[in-house]
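In: How does the following fold in three dimensions:
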Amino acid sequence: MSKTQKIRTIFIFFVFCLLYLVILFNLYLIQIRQSAFFSYLGKRQYNVTVSRYATRAEIFDRTGKQPLALNKDCLSAFVLPNQLTKPQKTKQFLATHFPDAFKQLQAGPKKSFLFVQRKLTDKQKKLIENHNLKDIKLLRERGRFYPVASAGTVVGATSIDNKGLFGIEYQFDKQLGGTPAIYSLEQEARSGNFYFKKETQQKGQAGKPITLTIDSNLQFLAHEELIDAIKKWDAQEGAAIVINPDNGEILAMVSAPDFDPNNFKHVDLAHTKNKVVTESYEYGSIAKVWAALAALAEDVVTLDEKIDCCGKKTAYVDGRKINTLVAHGVLSFSEVVERSNNIGIAKVAKRINEKLYDHYTKIGLGKKTGIPFPGEQSGFVNHPTNWSKQSIISLSYGYETTCTLLQIAQAFCMIARDGVPVQPKLILSDTPVFAPSELPFDKTQDRLRASPQIYKKQTIDLLKQILENTTLRGTARRAGISGYRVMSKTGTANLLVDGQYDSEKNIYTCAGIVQKDDYQRVIVAFVKEAQKNNAYASTVAAPLFEKIAEKILIHDKVI
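Out: Numbering: from 1, shown residues only. Next up is the predicted model:
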């Protein structure tokens, strides 16, 4: 070997040694110094995290057999925008039949996935199948189905992704939906299609079903009567509640207009509210019941005491103008309430003065009942520190105080229970899991619930006598049912419109107790803004009360 060849050989040797050193240094950097970074990069490329939700739990009525919400398979349509085989034909079809999807496709033509329509109707499914477009594919998904449409404003509904939107579905979304199982999958590096390792990162937990106190049959019957009343009087809306005062269980809670929980894509969101809980109003002469209770409890009046109602529709008490519907002369205090005379009740309320506020709040006005339902209103009672000379008069016949139908029902339950309050109950399950933001009772209501008795039985007996007479011969005559003891009261109130009371816009209410032997039910109903002539609480709300009561008595076989 020549000297030149030796030098060349040595040079090549050192070059290879240098290359090996560079390779070894890079291996050191990759496998030791930067191993964590490249390991993370590899996991990002080939590790896939998958969440799998358990089946959403059902919601049942009080029988535990009739589902109010259950699961149902449905079909959804989708396209792969970056893999369209016949783009023009597909786009033309979408533009004609699914314009929203077409707009999204135009905005993102290179997307890898696009839903055309979630939860297809039978008509949409048939339309897609008839056109036989290979670019539009179908996917089977889990949806929600509601067998009792009349319970929609109670049960609520879920989103396209099975998340609770309102009602019980929203309030108990976590309990019903459970927690997802999370899996880590390793993808085969070459094909990208196969997974050869599966690791559970988090175990899933199935949703827990909920049983409501609602009776699905009574819900349907009450809803049917409410709809009929609204149609008859060409009214804007209405609501009703049926509750068992013995245990506070709500048997029916209906609102109208409402919505179809199985098809509510374009529904007015106002129609999804349960007006029994989420709307508070001034209810007019219903408040005479609370004023009478306060007067009797404070011993400032007796049932037989004669009250001069001035014999006029308009009179002045301490310089304040008071209007009443019918002119009366001298009436007994019982008759003042029975015939709903504003002048008479105002004169008696002035004897109670600021203590009237204490009694209104004592029965639960101005405070949430604590029912586990989203959007409950607390209502309002004007505090004495804010009173004008008119306030005590207005409060006596239902103004300067707002409440919900549920609060009225709770107060009438206390009357039915001889002065012992009860907590309204909507969940029949033994241990419901409440949403973190909501507690079953606030502290005030928990104390109220624990109170043995907030009014003497003798006082309540006198009030019951007034309410029974109101039904027999007073303003609530149309609420009476032969053969049953009905203790009820009506109320008509002007609605506030832009800060002014509008005499053409009214809310008509009837509340009361239906009783026979040991059986009793509390019913409260209102109809708002009836357009027909001769609309009063006595002609609108009292007959609605009576029809709901009759349906309940037949259903419960109380003879």
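In: OK, contacts around residue 375?
Out: Neighbouring residues of residue 375 by Cβ atoms under 8 Å, 6 or more residues apart in numbering: 166, 273-274, 277-278. (Glycine included, C-beta is placed from N, CA and C.)
In: what residue ranges in the stretch 151-300 of the chain score low on pLDDT?
Out: 180-204 (pLDDT under 70).
In: mind redoing it with 90?
Out: The stretch 151-300 of the chain contains residues with pLDDT under 90 at 159-163, 177-207, 262-269.
In: Which parts of it are helices?
Out: Assigned by DSSP state H, counting those that start in this stretch, the helices in the stretch 151-300 of the chain fall at 152-155, 167-171, 173-177, 216-233, 275-278, 287-297.
In: What separation is there between residue 382 and residue 393?
Out: 12 Å (Cβ to Cβ, to the nearest Å).
In: in stretch 158-173, what counts as buried?
Out: Within stretch 158-173, the residues scored as buried using 16 or more other Cβ atoms under 10 Å are 158, 162, 164-173.
In: can the residues you listed go into TSV with extra columns for distance to residue 302?
Out: Converted to TSV, the buried residues of stretch 158-173 look like this (distance: Cβ to Cβ, whole Å):
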residue	distance to residue 302
158	56
162	61
164	53
165	53
166	49
167	47
168	47
169	51
170	50
171	46
172	49
173	54
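In: Return the closest of those residues with respect to residue 232.
Out: Residue 232 has its nearest neighbour among the buried residues of stretch 158-173 in residue 167, at 27.6 Å by Cβ to Cβ.
In: on contacts alone, who are the packing partners of the longest strand seen in the chain?
Out: The longest strand of the chain (DSSP state E) is strand 500-516. Secondary-structure packing of strand 500-516 (3 or more Cβ pairs under 8 Å, 6 or more residues apart in numbering; DSSP states H and E): helix 405-416, helix 457-473, strand 485-497, strand 519-528, helix 537-555.
In: and that strand with helix 216-233, angle?
Out: If you take axes from the mean of the first three to the mean of the last three Cα atoms, to 10 degrees, strand 500-516 sits at 140 degrees to helix 216-233.
In: Quickly list what residue 497 is bridged to.
Out: On the basis of DSSP bridges, residue 497 is bridged to residue 500.
In: Counting neighbours, what do you get for it?
Out: Residue 497 has 10 neighbours, counted by other Cβ atoms under 10 Å.
In: Quick check: it vs residue 529, distance?
Out: 10 Å.
In: any residues in contact with both of the two?
Out: Contact criterion Cβ under 8 Å, 6+ apart; residues shared by residue 497 and residue 529: residue 505.
In: show me the contacts for residue 363.
Out: 290, 293, 410-411, 414, 421, 454.
In: go with 10 Å
Out: Contact analysis of residue 363 by Cβ atoms under 10 Å, 6 or more residues apart in numbering lists 289-290, 293-294, 403, 407-408, 410-412, 414-415, 421, 448, 454-455.
In: same check, this time on residue 66
Out: Here residue 66 is in contact with 60, 147-148, 151, 214-217, 219 (criterion: Cβ under 10 Å, 6+ apart).
In: just to revisit the earlier point, out of the contacts of residue 363, who's nearest residue 463?
Out: Using Cβ to Cβ, residue 293 comes nearest to residue 463 of the contacts of residue 363, at 5.4 Å.
In: ok, now how distant is that closest one from residue 309?
Out: Noted for residue 293: a distance of 20 Å to residue 309, by Cβ to Cβ.
In: got it, and residue 146?
Out: Distance from residue 146 to residue 309, counting by Cβ to Cβ: 51 Å.
In: In the stretch 401-550 of the chain, where is pLDDT below threshold?
Out: 429-452, 498-499, 503.
In: can you rerun that using 50?
Out: In the predicted model, the stretch 401-550 of the chain carries pLDDT under 50 at residues 431-450.
In: Ok, the stretch 1-150 of the chain next?
Out: 41, 50.
In: rerun that using 70 as the cut-off
Out: Scanning the stretch 1-150 of the chain for pLDDT under 70 picks out 1-7, 9-11, 13-16, 20-22, 24-53, 141.
In: show me where it has strands.
Out: 47-52, 59-60, 67-79, 114-117, 137-145 (DSSP state E, counting those that start in this stretch).
In: of all the ones you listed, which lies closest to residue 129?
Out: Closest to residue 129 of the strands of the stretch 1-150 of the chain is strand 137-145 (Cβ to Cβ; 8.6 Å).
In: so the closest one versus strand 67-79, what angle?
Out: 160 degrees.
In: Strand 137-145 pairs with which strands, and in what direction?
Out: Partners of strand 137-145, by DSSP bridges, with direction: strand 67-79 (antiparallel).
In: So for the partner strand, what gets flagged as buried?
Out: For strand 67-79, burial by neighbour count (16+ other Cβ under 10 Å) applies to 67-70, 74-79.
In: Just the buried ones among the contacts of residue 66, please.
Out: 60, 148, 151, 214-217, 219.
In: can you put those residues in TSV and add distance to residue 542?
Out: Listed next are the buried ones among the contacts of residue 66 as TSV, based on distance: Cβ to Cβ, whole Å:
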residue	distance to residue 542
60	34
148	28
151	26
214	25
215	23
216	26
217	24
219	22
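In: of these, closest to residue 227?
Out: residue 219 (12.5 Å).
In: Look up the closest residue to the closest one, ignoring the ones flanking it.
Out: residue 252 (4.6 Å; Cβ to Cβ, 6 or more residues apart in numbering).
In: Kindly state the beta-bridge partners for that neighbour.
Out: Counting by DSSP bridges, residue 252 forms beta bridges with residue 242.
In: just residue 307 next, same as before
Out: With DSSP bridges as the rule, residue 307 is bridged to residue 331.
In: mind listing what it touches?
Out: The contact partners of residue 307, by Cβ under 10 Å, 6+ apart, come to 301, 328-336, 341, 343-348.
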